[in-house]
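Asker: Would you be able to build a 3D model of this:
(chains A and B)
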Amino acid sequence: MSFLKVNHLEKHFGPTRVLEDINFELEKGQVLVIIGSSGSGKTTLLRCLNFLETANQGSFSVGDEILFDAEQTYTDKQIREKRLKFGLVFQSFNLFPQYTVRQNITLAPKLMLKEKQLTAEQRKESLAQIEQKADELLESVGLKDRQDFYPCQLSGGQQQRVAIARALAMSPEILCFDEPTSALDPELTGEVLRVIQSLKGGDRTMIVVTHEMGFARDVADRVIFMADGVIEEEGTPDEVFGNPKSEKTRAFLAGVH
Amino acid sequence: MDIVKMWQVFWEKFSNPDTLKIVFGTGLINTLLIAVLGLLIGIVIGTLIATVKVMPKYKLLPRVLDKICSVYVGFFRGTPIVVQLLLTYYVLLPLCGVSFGSLNTAILVFGLNSGAYVSEIMRGGILSVDSGQMEAGRAVGLSYSTTMMKIVVPQAVKNILPTLGNELIALVKDTSVVSFIAVVDLYKTFQEIGNRTYEYLMPYLFMALIYIVLVALISLGIKWMERSLRKSDRRN
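Answerer: Take a look at the predicted model:
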């Protein structure tokens, strides 16, 4: 059974249709790469999954829980809970500039802890867990020695690695990347892509929107090519990159190589 | 009277321990109390109004709150502070049957007044923070209000600090109208010296000097605060 299921998702801004009848499924632990030209709806799709936009039609579910159904209205509290299933890494990092690297990672878990009713003992234990998790995450993105720096003191690649750690700190079921290397110098993209690659494996499910075709082919289990708000082609990397069926896919791939 | 004589007359009165006590112990303290507490109340009110103003307006409640805030800001920016002082002290509070002293009334009115101005300053500050900050806060699961207070507003405050300093300076000088409701402020104490000696030039010049020194000290304080807040900034 599929882990993530997206059914008939549609989104329009006024009369502009951005997403039309989006359907796809993803297994747990798989990496889905979404490619397509600018304005094809890739980012909007990710934003709908992360509840930063509300889709006008359709639904999606994670596991056996229906997270979103356009027929229903959700309270802010419900949306906050559902949103935690997804983590999002932004194109422009969006780190919090007034907090250090470590604080960027621990801020949200600590603030969430405050909202919970816990005994002093439990609170202390949870705090220790948060700090320990931050240590592990900093280690895994290779920035332990930079933990007390402010974001502006880091390179773009380092900032994006912090952003990845920050998203992982909330233990999302599905981690989404919205063009994680598009704002980076070419020489810095490598370090970020390597971190994403290293996250693959085990139960970690990921959706990556990217223009890095070589990376897409390497890391993907499934590839979706989007054009004009619809899924034009879907398949394994070998199918989409090696033997594209759609004329639009072929034209796009010929253009970017 | 020649200048030297004027100065002697003024100084004799001014250097009297009783006068000094009133000028600095009462007048100066009241002026600072009204300006500083007024600004603090103003920052609280202004932040609340600004938050309402930038809230998404899909639901009814934010829209109603928005209208209320507009009326509030419209009134306090649309009438002179003297009018607000007189209305509150001589009409509104007696009508409600409450009285908590002229100094407290002055602090309250200055706070309400400054809230209207600070709300616009703060709104500009919040809008100057990249919208990605709000999205990043929401994406890691924080609520709208927590993201606002922990992530967006601190950045906004840093951006508007020079303008807030301006507001404090304006407030310090505006306090000179509180004698309308019988509060003894810096201006009132020097006017009193003039009344006693029938000589106004020196008292008023000296008063101007004290205001200038006050404003200079505030500017220094703001600069220092700005520097310490710019720790996380490239532009330090």
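Asker: Contacts for the helix or strand hosting A:I79, please.
Answerer: Using DSSP states H and E, the element containing A:I79 is helix A:76-83. Residues outside helix A:76-83 that contact it (C-beta atoms under 8 Å, 6 or more residues apart in numbering or on different chains) are A:50-51, A:67-68, A:74, B:138-139, B:141-144. Just so you know, the C-beta spots here come from the backbone N, C-alpha and C atoms, and that holds for glycine as well.
Asker: Got the phi and psi for B:G97?
Answerer: Phi and psi for B:G97, reported as degrees, to the nearest 10, are phi 80, psi 20.
Asker: Point me to the residue sitting closest to the centre of chain B.
Answerer: Central residue check for chain B by C-alpha atoms, centre = their mean: the C-alpha nearest the mean position is that of B:L39, 3.5 Å away.
Asker: Write out the residues of chain B neighbouring chain A.
Answerer: Residues of chain B lying close to chain A by C-beta under 8 Å from any C-beta of the partner chain are B:130, B:132-133, B:135-144, B:146, B:150-151, B:154-155, B:158, B:231-234.
Asker: Write the ChimeraX selection for whichever of those are buried.
Answerer: Buried members of the residues of chain B next to chain A, defined by 16 or more other C-beta atoms under 10 Å in any protein chain shown, are picked up in ChimeraX with:
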select /B:133,135,136,137,138,139,140,141,142,143,144,146,150,151,154,155,158,232
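Asker: what about the spatially most central residue of chain A, distance to chain B?
Answerer: Using C-alpha atoms, centre = their mean, the residue of chain A that lies closest to the mean C-alpha position is A:C176, 0.9 Å off. The spacing between A:C176 and chain B, counted by C-beta to the nearest C-beta, to the nearest Å, is 9 Å.
Asker: ditto for A:T106
Answerer: 11 Å.
Asker: One more: A:P172?
Answerer: When A:P172 is compared with chain B (using C-beta to the nearest C-beta), they lie 9 Å apart.
Asker: Just list the residues touching A:T43, thanks.
Answerer: Taking C-beta under 8 Å, 6+ apart, we find A:T43 in contact with A:91, A:178-179, A:209.
Asker: Among these, which one has the most neighbours?
Answerer: A:V209 (25 neighbours; other C-beta atoms under 10 Å in any protein chain shown).
Asker: Quick check: bridge partners of it?
Answerer: Going by DSSP bridges, A:V209 is paired in beta bridges with A:I34, A:D178.
Asker: That one touches A:G41, doesn't it?
Answerer: No: the criterion here is C-beta atoms under 8 Å, and A:V209 misses it with A:G41 at 10.2 Å.
Asker: Show me where chain B has its helices.
Answerer: Counting by DSSP state H, chain B has helices at residues B:3-14, B:17-20, B:29-54, B:60-78, B:81-86, B:93-96, B:102-128, B:131-139, B:144-147, B:153-174, B:186-197, B:201-229.
Asker: on that earlier part again, which of the contacts of helix A:76-83 lies closest to B:D174?
Answerer: B:Y144 (34.7 Å; C-beta to C-beta).
Asker: What sits closest to B:A106 if chain neighbours are left out?
Answerer: B:V178 (4.5 Å; C-beta to C-beta, 6 or more residues apart in numbering or on different chains).
Asker: That neighbour is in contact with B:D185, isn't it?
Answerer: Yes: look at B:V178 against B:D185 with C-beta under 8 Å: they come within range, at 5.2 Å.
Asker: overlap in contacts of those two?
Answerer: Jointly contacting B:V178 and B:D185 under the rule C-beta under 8 Å, 6+ apart are B:30, B:34.
Asker: These two: who's more crowded?
Answerer: A count of neighbours by other C-beta under 10 Å puts B:V178 above the other of B:V178 and B:D185, at 28 against 25.
Asker: quick one on the thing from earlier: so how far is B:K188 from the residue nearest to B:A106?
Answerer: Taking C-beta to C-beta, to the nearest Å as the measure, B:V178 falls 8 Å from B:K188.
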